[in-house]
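Asks: Curious how this folds, go ahead:
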Amino acid sequence: MNHKTPFGPLNPPEKIEQKRIDAVLRALRWCETILSSTLWTPIIVGNSISLQRTINEQTIELFPLEAAYVDLGMKSRFATDHLPIHLNNSNACVRSTHARPRPLHTDMIASMMLLLGRTEFNPAAVPRTLHSILTAEQLTSLPPPPPARQPYIPGRPSTSGREFLPESRILGLIRQNPNTNFTIQFEKRDGTLRNMTARIGVWNEANGDENNTHAAEETMSYNPADYNLKAVFDLENGQYRIIATDRVTMIAIRESTYRTTSHVE
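Replies: Numbering: from 1, shown residues only. The predicted structure is shown next:
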């Protein structure tokens, strides 16, 4: 069914449940309500409408209809885990840091409209990739960044005295069983043990959200493999996490379980 929205026509795929379609349509109407009391200017391009404003000579453009495409699993110019935002006509690479369940992209665009829709706004709430819109005074007012990750020397042996499974076996099991849920116990860098039910690969959830642990690794500022680490999706917490592949005391995948004497129940 083709829906007429405040920002252009929307024709969701038949497989999308009506509950999600209704939520996206409500979010688009929310964007329309917000628009009337903010400084955003509608820009009409073809059959769709984007929102634009200039802050400190930097042009920001929001695309509510593209956000709806992402939420409904439709083809979009933007990646599924990014908000459809341009800074000076280029992708601003704004991503959600929310834990699951992940908010609708259309809801997050509405929040961005509220945040940046007035002359005064909270500089600390502005995503890092949009910091060029801030004045020198606003940049100075930002809270200090979190402390840097302590450097880790690849291959440094554990001092806990625990016995671990060979890393080659762990990596081999992961390669041989893509997109498979597995349970693992490993030693964290602080010496404590962690249990996790996880998955590695690319798959779509029932609500249409895509999980991609490979893409998650690509966004990191370092190569996890250089530090004997691997990005996984924590199925219990609904978040991307890191496991230490060289300090595994137990892994259970498909019908096989491997453990060392250091495994703790």
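Asks: Can you name every helix or strand that whichever helix or strand Y258 is part of contacts?
Replies: Using DSSP states H and E, Y258 sits within strand 256-259. Judged by 3 or more Cβ pairs under 8 Å, 6 or more residues apart in numbering; DSSP states H and E, strand 256-259 is in contact with helix 167-176, strand 248-253. To be clear about C-beta, it is placed using only N, CA and C from the backbone, and glycine gets the same treatment.
Asks: Tell me which of the ones you listed lies nearest to L72.
Replies: L72 sits nearest to helix 167-176 of all the helices and strands packed on strand 256-259, at 32.0 Å, using Cβ to Cβ.
Asks: Touching that closest one from outside, list them.
Replies: 182, 200, 228, 230, 245-246, 248, 251, 253, 256, 258 (Cβ atoms under 8 Å, 6 or more residues apart in numbering).
Asks: The closest residue to T261 other than its chain neighbours in helix, strand or coil?
Replies: Leaving aside its chain neighbours, T261 sits nearest to E163 (5.5 Å; criterion: Cβ to Cβ, 6 or more residues apart in numbering). When classified by DSSP: H, G, I helix; E, B strand; the rest coil, E163 comes out as coil.
Asks: What of T180?
Replies: When classified by three-state DSSP, T180 comes out as coil.
Asks: low-scoring stretches of this structure, by residue?
Replies: Flagging of the chain using pLDDT under 70 yields the residue ranges 98-101, 148-155.
Asks: Okay, helices next: where are they in it?
Replies: 18-35, 64-71, 105-116, 136-141, 167-176, 213-218 (DSSP state H).
Asks: Let's have those in CSV, adding distance to N195 and mean neighbour count.
Replies: Output for these, formatted as CSV (distance: least, Cβ to Cβ, whole Å; neighbours: other Cβ atoms under 10 Å):
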stretch, distance to N195, mean neighbour count
helix 18-35, 33, 17
helix 64-71, 33, 26
helix 105-116, 32, 22
helix 136-141, 42, 11
helix 167-176, 15, 15
helix 213-218, 19, 16
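Asks: could those be laid out in JSON lines, adding distance to I43?
Replies: Shown next, in JSON lines, are those (distance: least, Cβ to Cβ, whole Å):
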{"stretch": "helix 18-35", "distance to I43": "12"}
{"stretch": "helix 64-71", "distance to I43": "12"}
{"stretch": "helix 105-116", "distance to I43": "14"}
{"stretch": "helix 136-141", "distance to I43": "26"}
{"stretch": "helix 167-176", "distance to I43": "46"}
{"stretch": "helix 213-218", "distance to I43": "30"}
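Asks: quick one, which of those is nearest to N47?
Replies: Of all the helices of the chain, helix 64-71 sits nearest to N47, with 8.9 Å by Cβ to Cβ.
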